[in-house]
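A.B. asks: Sequence and predicted model, in that order:
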Amino acid sequence: MKNKCLLLLSVVSFVSCTVDEHEDDKPVEVKFPFEELDKTYFNQASKNLQAPTENLRLDSIVEYVYFRYNPETGVSNYYGNKTNSSLATPSPPQPTGRTTQVFVYNTDNKIGRIDSYDNSFSEELTKKGIFEGSSHFLYDTNGNLIKRGFSSSGSIEDVMYNYEYVYSNNKLITEKYQEGSYNGTKDFVYKESLIEITNKVDNNLSSTEVINLDSFNNITTYNRKHVDSTNPYVITYKYPINISNPYNNLFPQNFYPFLVFGTYNGGFSHISSGTSDNFHSKIQLNSSFYPEIIESGSYDEGYRTKYYYSKK
C-alpha cells in the first residue's frame, strides 16, 4: 500500500492521502492539475516583513475540496466508485464539495458573527450549501471582545455564550469557557515578547503554554506541555515572504485570534509557511499582498481556498 501525502498551508491546513491498493511502485497519476495562478503580486512580495499597508476587511472564505474531480464535466467519480463494491476506492478526507464562512460586521465595524455553510456532499460547487450555524461575538463599551458563543439557528436570541474574556489595563488576562460538562480557564501572563498561558479544567492544572511573538505579533514559537507529559510539544512557525494574514483586522488588537482559529491561523500580521522555509502551496495575492487563492494538490485530490475582501 502506498500513501501520498500533501502538506497543506494552514487557513485550512491538513494532510490528505491517496491510497493505491495493488501497485506499490507506480506513482499516483495526476490527471487534472489545477490551472495556473496569477503570480504577479506573489513575485513582487518582499522577503522583508512589514505591516499591511491597507486594512482590508475579510468578507468570506470559500474552501473547495476535490477528489477525483473532472473539471471538464464538473463531476467527481467518487460517488460512482464508493457504491460499486467491485472497485477498491479508498475513503478520501471528504468528497468533492465546498464549505463557506461569511463574516458579518456590526455598526462599529467589528466582527459580529461568522456564518458557516457546508456543501461537502454535493457536486454543486457554485452553492454555499446547508447553513451550519453562527459564531457570535459581544463587546463591552470599551470595544473589548468579552463573549463568544454559538447559535445553530443564526439568531442572536439563541446564542449559547460558552466563552468569556476578562481584561485588566486593556490586556486580556483570562478566558473562561464551558465545553460539555467541563469548565475551564486560560490565564495569560505577559513577559516582553512572551505570553505564558496556564490552562485549568475544573480548577485542576491541565497544561501550560508559552508563545513567542515577533515585532509584528506573529507567533514564532509555540510550546505546550500537558501536566501528564514529560516532553513539551514545540513548533516553530516561519514567515518567508511578506504576505498579509486574512484575519489581520478581524478582532481588536488586544485579543488573540488563535483563541478562535488556532495557532496555524492565528490572525496576526502575516501568513506562516508552518515549519517550512518555503510555501508548499500555490498562492495568488492581490495588490495589497493579501491572499486571494491558496491551493494544494490538484483536481484529482486537493484543496483550493478563496478569500474575498472589502475596504475597511
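C.D. replies: Now that the structure is in, tell me what you want to look at. Residues are numbered from 1 along each chain as shown.

A.B. asks: any idea how far residue 258 is from residue 110?
C.D. replies: Separation of residue 110 from residue 258 (CB to CB, to the nearest Å) stands at 18 Å. Heads up, the C-betas are built off the backbone N, CA and C, glycines and all.

A.B. asks: Also residue 144?
C.D. replies: Using CB to CB, residue 144 is found at 17 Å from residue 258.

A.B. asks: what does residue 304 give?
C.D. replies: For residue 304, the distance to residue 258 equals 24 Å [CB to CB].

A.B. asks: Who has more neighbours out of these two?
C.D. replies: More neighbours sit around residue 304 than around the other of residue 304 and residue 258, counting by other CB atoms under 10 Å; the figures are 23 against 18.

A.B. asks: Now do the contacts for that one.
C.D. replies: Contact analysis of residue 304 by CB atoms under 8 Å, 6 or more residues apart in numbering lists 34, 63-64, 66, 293-295.

A.B. asks: Tell me which stretches of the stretch 151-300 of the chain form helices.
C.D. replies: In order along the chain, the stretch 151-300 of the chain carries the following helices (DSSP state H, counting those that start in this stretch): 258-261.

A.B. asks: check contacts around residue 166.
C.D. replies: Contacts here follow CB under 8 Å, 6+ apart; on that basis residue 166 touches 146, 172-176.

A.B. asks: Tell me what it is bridged to.
C.D. replies: Beta-bridge partners recorded for residue 166 (DSSP bridges): residue 174.

A.B. asks: How about residue 307?
C.D. replies: With DSSP bridges as the criterion, residue 307 is bridged to residue 61.

A.B. asks: quick one: it from residue 166, how far?
C.D. replies: For residue 307, the distance to residue 166 under the criterion CB to CB works out to 32 Å.

A.B. asks: for residue 149, same thing?
C.D. replies: Spatial separation of residue 149 from residue 166 under the definition CB to CB is 16 Å.

A.B. asks: What is the neighbour count of residue 35?
C.D. replies: Residue 35 sits with 9 neighbouring residues when counted by other CB under 10 Å.
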